[in-house]
Structure formats: structure tokens, C-alpha cells
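Visitor: Quick one, fold the following:
(one chain, ligands or ions: 1)
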Amino acid sequence: MNALFNNYSRRPICIVEGKGTIVKDSNGKQYLDFTSGIAVCCLGHAHPALVKTVQEQSEKLWHISNLFESPGQVALAESLVKDNHLAHALFCNSGAEANEAAIKLARKHTGKHHIITFKNSFHGRTFGAMSATGQEKIHKGFGPLVDQFTYLPFNDVEALKEAVDETVGAIMLEIIQGEGGIHEVTEEFAQAINEICVNHDILLIVDEVQTGIGRTGTQFAFEQTQLKPDIVSMAKGLGGGFPIGGILATAELYETFGPGSHGTTYGGNPLAVSVAQTVLDHVFNESFLNEVQDKSKYLINKLQEVLPQEQFEIRGKGLLLGIDCGKDVAALVEKAEKEGLLLVAAGPQVLRLLPPLTVTNQEIDEAVEILKKLLVEEKSPVV
Ligand SMILES: *Cc1c(COP(=O)(O)O)cnc(C)c1O
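Guide: Residues are numbered from 1 along each chain as shown. Predicted structure coming up:
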């Protein structure tokens with residue numbers, strides 16, 4: 001026991017420094033970090049451009065209230081909407097807060113409070129975001145949730161059609177359920193959602209907290225689907241390790257968040273915004289995103305080469321990949337760590353691979369070697 005709450009099941013290693021994909025623990029042991037702080041450190045650890053930005057901006061101005069103009073926020077917002085149909089941004093500090101903003105914006109805009117979300121989704125731990133999350137284990141013990149969320153089975157067109165009525169103001173989903181086990185939205189489901197949203201005047205909220213900022217090989221994952229969200233929430237990769245989140249929304253929603261309607265003290269402070277801008281200057285480039293797609297293909301091919309298909313299913317997009325092992329993976333995560341590879345699970349049976357977007361093919365080779373050893377070779381004892 002120590003002076004901290006015990007609300008995380010922490011692994012017994014202490015990472016003290018990192019560079020790119022490699023991190024080092026307090027004993028000097030090195031690891032390939034295929035967690036990226038859970039899809040956060042998209043440019044790897046201690047990226048020189050981010051280090052420089054933090055140094056330079058921290059000497060100028062860390063924080064000033066949102067009571068004053070923020071050209072940095074305007075520029076960041078412009079970078080985020082310049083290549084899509086969205087028009088405006090608002091900044092906060094985390095994924096849960098981004099989803100709170102999205103939920104509040106949808107409720108206020110439609111005047112309707114009923115929001116459809118999906119089983120096994122994850123939207124965060126604050127009351128609104130937790131209530132949106134379709135997992136009982138996340139709700140347990142916290143008493144009455146925020147009202148009027150309905151959790152439907154994911155990718156079930158019939159269930160969705162049945163549940164929609166005039167009380168529904170919004171549908172909220174992840175393009176790839178991250179914490180829920182790396183499950184992608186199907187084309188049929190995306191099409192059904194589109195039709196329902198148009199026909200019933202329902203807003204679409206896409207939670208891109210994990211999938212956004214290049215993680216799936218495009219700026220946002222919705223670009224690879226037919227979905228056209230009214231509101232997008234984001235965080236994780238946006239600051240590359242510096243806490244910042246935000247929402248994007250279409251021009252129609254602009255008036256709904258007028259002065260005094262919503263806000264947060266830190267949201268988009270100059271230090272956070274300058275780091276996020278540097279992240280986007282790197283990630284929101286066609287050549288960078290093409291490389292992410294190439295690395296994804298390379299990693300998937302390598303995995304398919306070494307892992308027997310009948311035993312392991314590989315899911316996901318870009319560098320948000322899952323290996324469904326069909327059995328509990330907690331012990332495998334620990335073993336991988338001993339071999340020098342940091343992984344995180346997605347649900348009980350899925351190993352999640354989230355390397356920095358800057359990972360090299362050589363690092364991918366090394367990681368796959370370790371996975372091969374753990375998943376295939378140690379299974380069949382040498383005779
Ligand atoms: C991580 C995550 C969140 C919560 O983000 P926090 O920054 O931890 O509040 C919300 N939605 C999705 C899809 C996530 O992966």
C-alpha cells in the first residue's frame with residue numbers, strides 16, 4: 001500500500017525515459033512501447049519537434065484564460081476542420097470531457113435528451129461519459145446515471161431501427177470500439193445510421209478519442225466510412241502526450257454553444273495548443289498518413305505470416321490493431337513485457353497493438369518476433 005488510491009491495476013515496472021518507440025525502466029531495461037500511452041504518444045516519446053515546442057512556448061506563455069483571444073486555438077481549429085465537412089472546434093483537456101461537451105451540445109441543440117449508444121462502447125469516466133458507456137462494469141457502484149441513454153447491440157441494424165423514435169436526439173458511437181475489443185462499425189450499419197439520422201433529424205456523434213489524429217491511417221476514422229458526423233470528439237493523440245481534448249462540429253451547431261453555454265478553465269491553453277499544433281503539422285500530411293497505412297499493412301502481413309488464422313483473428317485499422325486470441329490475454333501481456341514488448345489488452349481476449357505512428361518497420365519486425373515466440377512457439381513444447 002502507498003499514498004495513492006489503488007484504482008489502476010498497475011504493472012510492476014517504472015518507465016523513466018523514452019525516445020521514439022523505445023522506453024527504458026528504472027533498472028535500465030528497454031522495451032518497445034506498443035501502447036503509446038494508450039494511443040496518446042502518436043509521434044513517439046520525446047519527439048524533437050514537440051520538445052522544442054514545449055521549450056519555446058513555456059518561455060512565452062503557459063496559460064491565459066479563455067476570457068482572452070486565442071489565435072493559437074483558432075489556428076488549431078482551422079487545421080482540424082480544413083479537410084472535412086466540420087466547421088468549428090472547442091477545446092478541453094481529456095476524452096471524457098470532450099464527450100461531455102458533445103453530449104451537452106447535442107442535447108441543447110436538439111432539445112431532446114435521449115441518446116442511443118452501444119454495448120461495449122467506452123466514452124470515459126465522468127458522469128455523462130460514463131453514462132454513455134455501454135458497459136455495466138464501468139457503471140457499477142456509482143448510483144443513478146445520467147438519464148436517457150439506451151445501449152444497443154453494436155452493428156445490429158434491426159435493433160437500431162426498432163429503438164429509434166421521436167425522443168432520440170443523437171446516436172453516439174466509436175468507429176472502432178477500442179476498449180471494447182477492437183470492433184469496427186460495419187458498412188451496413190454505417191449506412192443504416194446515416195439513413196436514420198437523415199430521416200429522423202438525429203445528430204450523429206462520433207467518438208474519435210482513440211481513433212482520431214491519424215491513428216487509423218486517415219486524419220479521422222470516420223473518413224473511411226460513409227458516416228458524416230455532426231459532432232466529433234477527440235483527445236488522446238491530439239496532444240501527443242500533452243493533455244488536450246476537444247470537439248469538432250458542423251456549422252449548423254455554431255449558435256448552440258454561444259457565450260456562457262459551456263467552458264473549462266484550462267481548455268486549449270497556449271501550451272497545450274502549441275503542442276497540439278505541432279502534432280497536427282506532422283500527422284495531418286498525406287505522406288505521413290500514407291506511411292501509417294503502409295506500416296499498418298506491413299504489420300498486418302507480418303502477423304498473418306506468423307499467427308495461424310484459425311486461432312487468431314486480427315482486427316482494426318491503421319495502427320489501432322487487435323489480436324483476438326480467443327482466451328484470456330492478461331498473462332500474455334505480462335510475458336510480452338518480460339520479453340521487452342509493452343502491450344495493452346482490449347477486453348479480456350484481445351491484445352491491442354498501438355505503436356507510435358512513427359514506429360519503424362524494424363521495430364515492427366522485432367515486436368512480431370516477440371509475439372510469435374509468445375503466441376505460437378511456446379504453445380507447442382519442443383519435443
Ligand atoms: C480513452 C477514451 C475515452 C476517455 O478519454 P480520457 O482522456 O481517459 O477521459 C473516451 N472515448 C474513447 C473512445 C476512448 O478510447
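
Visitor: Next secondary structure element downstream of the lengthiest helix in the chain?
Guide: Secondary structure of the chain per DSSP state H: the longest helix is helix 286-306. The first helix or strand that comes after helix 286-306 along the chain, using DSSP states H and E, is strand 313-317.

Visitor: Tell me the buried residues in that following strand?
Guide: For strand 313-317, burial by neighbour count (16 or more other CB atoms under 10 Å) applies to 314, 315, 316, 317. For every residue, glycine as well, the C-beta is placed using N, CA and C.

Visitor: And the residue of this structure closest to the ligand?
Guide: Taking CB to the nearest ligand atom, the ligand has its nearest neighbour within the chain at residue 95, 2.2 Å off.

Visitor: I'd like the mean pLDDT over the longest helix of the chain, please.
Guide: What helix 286-306 shows for mean pLDDT is 98.

Visitor: Need the pLDDT of residue 147.
Guide: 96.

Visitor: Looks to me like it is in a helix.
Guide: No. Per DSSP: H, G, I helix; E, B strand; the rest coil, residue 147 lies outside any helix segment and is coil.

Visitor: Now do the contacts for the residue nearest to it when sequence neighbours are not counted.
Guide: Here the nearest residue to residue 147 in space, its sequence neighbours aside, is residue 113; by CB to CB, 6 or more residues apart in numbering that works out to 6.8 Å. Residues near residue 113 by CB atoms under 8 Å, 6 or more residues apart in numbering: 107, 147, 148, 167, 169.

Visitor: Among these, which one has the most neighbours?
Guide: Among the contacts of residue 113, the one with the most neighbours (other CB atoms under 10 Å) is residue 169, at 23 neighbours.

Visitor: Quick check: which element contains that residue?
Guide: strand 168-173.

Visitor: swap in residue 275?
Guide: If you go by DSSP H and E, residue 275 is part of helix 270-283.

Visitor: need the residues of the stretch 251-383 of the chain near the ligand, please.
Guide: Applying CB under 6 Å from any ligand atom, one finds that the stretch 251-383 of the chain does not approach the ligand at all.

Visitor: what about the stretch 251-383 of the chain, any weak spots by pLDDT?
Guide: Scanning the stretch 251-383 of the chain with the threshold set as pLDDT under 70 gives 379-383.

Visitor: about what we covered before: who touches the strand holding residue 169?
Guide: Contact partners of strand 168-173, identified using CB under 8 Å, 6+ apart, comprise 99, 102-103, 106-107, 109-118, 121, 123, 132, 154, 160, 185, 193, 196-197, 200, 202-207, 230-231.

Visitor: What residues sit buried inside it?
Guide: 168, 169, 170, 171, 172, 173.

Visitor: Can you list the strands that that strand pairs with?
Guide: Here strand 168-173 is paired, per DSSP bridges, with strand 114-118 (parallel), strand 203-207 (parallel).

Visitor: what's the distance between the last one and the middle of its chain?
Guide: Relative to its chain's centre, strand 203-207 lies at 14 Å (CA atoms, centre = their mean, to the nearest Å).

Visitor: And the next helix or strand past it?
Guide: strand 231-234.

Visitor: Averaged pLDDT, that following strand. What do you get?
Guide: For strand 231-234, mean pLDDT is 99.

Visitor: list the helices and strands that strand packs on?
Guide: helix 95-110, strand 203-207, strand 245-249 (3 or more CB pairs under 8 Å, 6 or more residues apart in numbering; DSSP states H and E).

Visitor: Show me how the protein divides into domains.
Guide: Taking automatic domain parsing as the reference, the chain has its domains at 65-283, 286-377.

Visitor: Need the winner for burial among those.
Guide: domain 65-283 (a mean of 20; mean count of other CB atoms under 10 Å).

Visitor: Residue 348 versus residue 102, what's the distance?
Guide: Applying CB to CB, to the nearest Å, the value for residue 102 to residue 348 is 28 Å.

Visitor: To clarify, my last question referred to residue 366.
Guide: Look at residue 366 and residue 348: by CB to CB, they are 26 Å apart.

Visitor: Now tabulate the helices and strands packed on strand 231-234 in a markdown table and tack on mean pLDDT.
Guide: Formatted as a markdown table, the helices and strands packed on strand 231-234 follow (pLDDT from 0 to 100):
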| stretch | mean pLDDT |
| --- | --- |
| helix 95-110 | 98 |
| strand 203-207 | 98 |
| strand 245-249 | 98 |
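
Visitor: Including distance to residue 214, could the ones you listed go into a markdown table?
Guide: Output for the helices and strands packed on strand 231-234, formatted as a markdown table (distance: least, CB to CB, whole Å):
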| stretch | distance to residue 214 |
| --- | --- |
| helix 95-110 | 16 |
| strand 203-207 | 16 |
| strand 245-249 | 15 |
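
Visitor: Spell out the secondary structure type for residue 4.
Guide: coil.

Visitor: ok, and the closest non-adjacent residue to the most centrally placed residue in the chain?
Guide: By CA atoms, centre = their mean, the chain has its centre lying nearest to residue 210, at 0.5 Å. Nearest residue to residue 210, sequence neighbours excluded (CB to CB, 6+ apart): residue 178, at 3.9 Å.

Visitor: show me the contacts for the one you found.
Guide: Here residue 178 is in contact with 39, 122, 210, 211, 320, 346, 352 (criterion: CB under 8 Å, 6+ apart).

Visitor: Look up how far residue 135 lies from the second one.
Guide: Meaning residue 122. Noted for residue 122: a distance of 7 Å to residue 135, by CB to CB.
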